[in-house]
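# Sharing a sequence plus its predicted fold:
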Amino acid sequence: GQQVMQIPQYQHVQEGEDFTTYCNSSTTLSNIQWYKQRPGGHPVFLIQLVKSGEVKKQKRLTFQFGEAKKNSSLHITATQTTDVGTYFCALVGNFGNEKLTFGTGTRLTIIP
Amino acid sequence: KAGVTQTPRYLIKTRGQQVTLSCSPISGHRSVSWYQQTPGQGLQFLFEYFSETQRNKGNFPGRFSGRQFSNSRSEMNVSTLELGDSALYLCASSLQGPPLSEQYFGPGTRLTVT
């Protein structure tokens, strides 16, 4: 089955520092979605990447899809306390099987 | 536009019992997916319904089942509850289904099995 590794599992940063989480698949992907879940909340959709090498930006957030469509990253510049939460990638395989597989998530905490 | 609603929000059951959870999607959304979230296993896909048909299923035992009604509302049922079924059950609705369009999650139902 498809293996989804998301690293790191936890990240503690000082407010104002940058943060990056990585999502790696053992197989080529059709597309990838990113979600954020605040403590005690539910996942909220951030973005979807479809094309090889795609880069998308949302204010301080930059999302990348690898050239081989096997990995992706989310980078936050100058973190703020509102960025606290768990960031999940969600992968769609390239097998004709359209299940969405969530990564294990990276929990971000901010030290004010 | 009203968001995804789930009822009940909290539930306590004992082993061996069964439980039914309900999800009302965003108006116009025909796809409803169910997920189980636990600290140890993360977010795991249960099944997806689209226009009353189960379109995809995760790797869960047959004790987990679901259905979707003509108004797109969905229910999931867990029979013969086990302690390991304690989890947050999330439903998510979308226009076309998870791989193609973004999913909108409900607040979840927190199930505790004692």
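In hand now; what should we look at? Here the structure is a predicted model, which means the values were calculated and not measured.
# When you work out contacts or count neighbours from here on, use the C-alpha atoms and nothing else.
Fine.
# contacting residues around the closest residue to A:Thr86 other than its chain neighbours?
Nearest non-adjacent residue to A:Thr86, counting by Cα to Cα, 6 or more residues apart in numbering or on different chains: A:Arg107, 4.1 Å away. Applying Cα atoms under 8 Å, 6 or more residues apart in numbering or on different chains, we find A:Arg107 in contact with A:Gln9, A:Tyr10, A:Gln11, A:Val84, A:Gly85, A:Thr86, A:Tyr87.
# what are the bridge partners for A:Arg107, then?
A:Tyr10, A:Thr86 (DSSP bridges).
# picking that back up, buried subset of the contacts of A:Arg107?
Among the contacts of A:Arg107, those buried by neighbour count (16 or more other Cα atoms under 10 Å in any protein chain shown) are A:Val84, A:Gly85, A:Thr86, A:Tyr87.
# before we move on, back to that, in TSV, list the contacts of A:Arg107 along with pLDDT.
Below are the contacts of A:Arg107 laid out as TSV (pLDDT from 0 to 100):
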residue	pLDDT
A:Gln9	93
A:Tyr10	95
A:Gln11	96
A:Val84	98
A:Gly85	97
A:Thr86	96
A:Tyr87	97
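# tell me the contacts of the residue nearest the centre of chain B?
Nearest to the mean C-alpha position of chain B, by Cα atoms, centre = their mean, lies B:Trp34 at 3.1 Å. B:Trp34 is in contact with B:Phe45, B:Leu46, B:Phe47, B:Glu48, B:Met76, B:Tyr89, B:Leu90, B:Cys91, B:Ala92, counting by Cα under 8 Å, 6+ apart.
# what do you get for B:Pro25?
B:Gly3, B:Val4, B:Thr5, B:Val32, B:Ser72, B:Arg73, B:Ser74, B:Ala92, B:Ser93.
# Grab the most central residue of chain A for me.
Mean-position check on chain A, Cα atoms, centre = their mean. Result A:Cys89 at 4.1 Å.
# how close does it sit to A:Glu17?
22 Å (Cα to Cα, to the nearest Å).
# Low-confidence regions, chain A specifically.
Across chain A, the ranges flagged by pLDDT under 70 are A:1-3, A:94-98.
# residues touching B:Leu46, list them.
By Cα under 8 Å, 6+ apart, B:Leu46 lies in contact with B:Ser33, B:Trp34, B:Tyr35, B:Gln36, B:Lys57, B:Gly58, B:Asn59, B:Phe60, B:Phe64.
# can you redo those as a markdown table with secondary structure?
Below are the contacts of B:Leu46 laid out as a markdown table (DSSP: H, G, I helix; E, B strand; the rest coil):
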| residue | secondary structure |
| --- | --- |
| B:Ser33 | strand |
| B:Trp34 | strand |
| B:Tyr35 | strand |
| B:Gln36 | strand |
| B:Lys57 | strand |
| B:Gly58 | coil |
| B:Asn59 | coil |
| B:Phe60 | coil |
| B:Phe64 | strand |
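# Neighbour-wise, which one of the residues you listed leads?
Counting neighbours by other Cα atoms under 10 Å in any protein chain shown, B:Ser33 leads these with 29 neighbours.
# Surely that one is in contact with B:Cys91?
Yes - between B:Ser33 and B:Cys91 there is a contact at 5.5 Å, judged by Cα atoms under 8 Å.
# could you pull out the strands for the chain?
With no chain named, the answer covers chain A. A:4-7, A:10-14, A:19-25, A:29-37, A:43-49, A:55-58, A:61-65, A:71-76, A:85-93, A:100-102, A:106-111 (DSSP state E).
# not what I meant, chain B
For chain B, strands defined by DSSP E occupy the ranges B:5-7, B:10-13, B:19-24, B:31-38, B:42-50, B:53-57, B:64-68, B:74-78, B:87-94, B:104-105, B:109-113.
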